[in-house]
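> only the shape, not the letters, is given here:
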């Protein structure tokens, strides 16, 4: 079993006047950029894009986003499954 921890990345796109936020979970900044590329491409009117990791969590509106999530990868024949769990949760 392989345990992989992914960190919360908040993406802020702006043109200096308007801005939008989204988030992804990824294992590093390059992975976050890859996971957010479709969202970034859908916002060409907001050309300045910033990525920032929040391992301690982040409040977005009325939602609290966990800073890290843990995945357990299990082999099942020729296919694997991934199951997300909160850090410190009993397995």
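Cool, got the structure. Just so it is clear, the structure is predicted and the values come from calculations on it, not from any experiment.

> sort out which residues of the strand or helix carrying residue 30 are buried, please.
In this assignment (DSSP states H and E), residue 30 forms part of helix 29-41. Neighbour-count burial for helix 29-41 flags 32-33, 35-36, 40 (criterion: 16 or more other Cβ atoms under 10 Å). From N, CA and C alone the C-beta is placed, and that goes for glycine too.

> now do stretch 10-30
10-11, 13, 23-26.

> do the same with stretch 48-65
So stretch 48-65, judged by 16+ other Cβ under 10 Å, has buried residues 51, 53-54, 58.

> contacts for that stretch?
7-16, 21, 23, 29, 32-33, 36, 40, 66-68 (Cβ atoms under 8 Å, 6 or more residues apart in numbering).

> would TSV of the buried residues of helix 29-41 with distance to residue 62 and pLDDT be doable?
Shown next, in TSV, are those (distance: Cβ to Cβ, whole Å; pLDDT from 0 to 100):
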residue	distance to residue 62	pLDDT
32	23	97
33	27	97
35	24	97
36	22	97
40	25	97
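
> closest one to residue 72 out of those, please.
Set against residue 72, the nearest of those by Cβ to Cβ is residue 35 (19.5 Å).

> for that closest one, which non-adjacent residue is spatially closest?
residue 24 (4.3 Å; Cβ to Cβ, 6 or more residues apart in numbering).

> name the element the one you found belongs to?
With elements taken from DSSP H and E, the one containing residue 24 is strand 19-26.

> ok and that strand relative to helix 29-41, angle-wise?
140 degrees (axes from the mean of the first three to the mean of the last three Cα atoms, to 10 degrees).

> now do strand 19-26: which elements does it pack against?
Packing partners of strand 19-26 (3 or more Cβ pairs under 8 Å, 6 or more residues apart in numbering; DSSP states H and E): strand 2-14, helix 29-41, strand 58-60.

> for residue 72, find the nearest of these.
Across the helices and strands packed on strand 19-26, residue 72 has its closest neighbour in strand 2-14 (5.9 Å, Cβ to Cβ).

> the closest one vs strand 19-26, what angle?
Using the same axes, to 10 degrees: strand 2-14 against strand 19-26 is 170 degrees.
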